[in-house]
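Chemist: just the structure for this:
(one chain, ligands or ions: 1)
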Amino acid sequence: MPLPLPVSLSPSKVSSFTDCGLAFRFSAIDRLPEPPSVAATRGTLVHAALERLFVLDAPERTLPAALECLDAAAAALRDDPEFSGLELDEAAEATFLAEATVLVEKYFRLEDPTKVTPIGIELKLEVELAGVRLRGIIDRLELDADGELVVTDYKTGRAPGERQEQQRLAGVAFYSLLCERLFGRRPAKVQLLYLADPLAIIATPTDRSTRGVERKLAAVWAAVERACEREDFRPNPSRLCDWCAFKAYCPSFGGDIALADAHRAQLQLV
Ligand code: SF4
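Modeler: As a prediction, this is how the structure comes out:
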């Protein structure tokens with residue numbers, strides 16, 4: 001029986017499918033739960049702190065204010081299962097908060113937030129393109145000195161190597177396409193701010209990059225449709241398996257794919 005199609009594509013789903021079709025299936029189609037990870041939750045916290053920072057008036061966006069935003073964001077996150085599920089002891093929690101503090105401090109080495117003119121924070125964008133629903137969250141949309149749109153995406157992991165950089169830039173083109181379709185204007189610049197390094201990767205979207213991402217999305221969607229029709233999502237073992245939450249379901253690790261079918265069937269009954 002064919003598998004149900006996922007409801008949408010996002011930059012992370014596209015790279016998940018490209019990295020390992022089976023992991024994509026487990027996440028986007030079977031919707032298997034993924035336990036929280038320290039790295040992902042630290043990213044959530046830092047994003048929430050920067051979101052609070054940009055609610056302040058421009059002159060107030062100082063480092064001490066950012067650290068207050070971090071404290072407030074940490075307090076708000078405390079009861080969230082994404083944080084409580086980590087079950088950190090006192091020492092591990094102190095390390096977690098100290099690492100988040102370092103990321104916020106390093107952010108100030110990349111740009112001066114008092115000079116930024118945001119027009120949207122944590123913007124959830126959605127467009128329909130050739131029958132595919134595209135969804136993405138833009139961390140920050142702003143206007144530059146010439147009134148042009150700039151998309152900023154914060155990254156709390158390390159900057160990518162050369163191969164992964166191409167994937168990240170495909171994500172950039174995705175955001176640019178969403179803006180173009182929704183606002184009728186292509187951003188002048190998309191910047192990925194890697195806070196840990198700290199390093200900014202800046203791309204200028206062009207006709208060519210927009211056409212390239214449209215072609216890639218069409219190809220990925222066609223491949224997903226084919227795989228759903230044939231119920232054929234294959235594992236692609238790689239270093240990424242070290243971080244994969246689905247090994248108990250993955251045949252490459254002795255897991256049982258039928259457990260994923262059972263989970264999906266359960267969700268469909270609810
Ligand atoms: S363990 Fe590796 S091969 Fe298996 S689903 Fe996860 S990423 Fe894919």
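
Chemist: pull the distance from the helix or strand encompassing V151 to the chain's centre.
Modeler: Element membership for V151 (DSSP states H and E) is strand 149-155. Mean-position distance between strand 149-155 and its chain equals 12 Å (Cα atoms, centre = their mean, to the nearest Å).

Chemist: strands paired with it, and their directions?
Modeler: Neighbouring strands of strand 149-155 in its sheet, by DSSP bridges, are strand 132-143 (antiparallel), strand 189-194 (parallel).

Chemist: show me what contacts the residue nearest to T204 when sequence neighbours are not counted?
Modeler: Distances taken as Cβ to Cβ, 6 or more residues apart in numbering put K189 closest to T204, at 5.9 Å, once the chain neighbours are dropped. All C-beta spots, glycine's among them, are computed from the backbone N, C-alpha and C. Counting by Cβ atoms under 8 Å, 6 or more residues apart in numbering, K189 touches 144, 148, 150-151, 202-205.

Chemist: sorry, back to before: how about residues contacting the strand holding V151?
Modeler: Applying Cβ under 8 Å, 6+ apart, the external contacts of strand 149-155 come out as 46-47, 50, 107, 138-144, 171-172, 175-176, 179, 183, 185-196.

Chemist: 6 Å instead?
Modeler: Residues outside strand 149-155 that contact it (Cβ atoms under 6 Å, 6 or more residues apart in numbering): 47, 138-142, 144, 175, 185, 187, 189-194.

Chemist: ok so Y107 is a strand residue?
Modeler: No: if the criterion is DSSP: H, G, I helix; E, B strand; the rest coil, then Y107 is helix and not within a strand.

Chemist: does it touch A196 like I think?
Modeler: No: if you go by Cβ atoms under 6 Å, Y107 and A196 don't touch, sitting 10.2 Å apart.

Chemist: next to the ligand, which bits of this structure? Give me the list.
Modeler: 20, 22-23, 235-237, 240-241, 244, 246-247, 250, 252-253 (Cβ under 6 Å from any ligand atom).

Chemist: ChimeraX command for the buried members of these?
Modeler: Filtering the residues of the chain next to the ligand down to the buried ones (16 or more other Cβ atoms under 10 Å) takes a single ChimeraX command:
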select :20,22,23,235,241,244,246,250
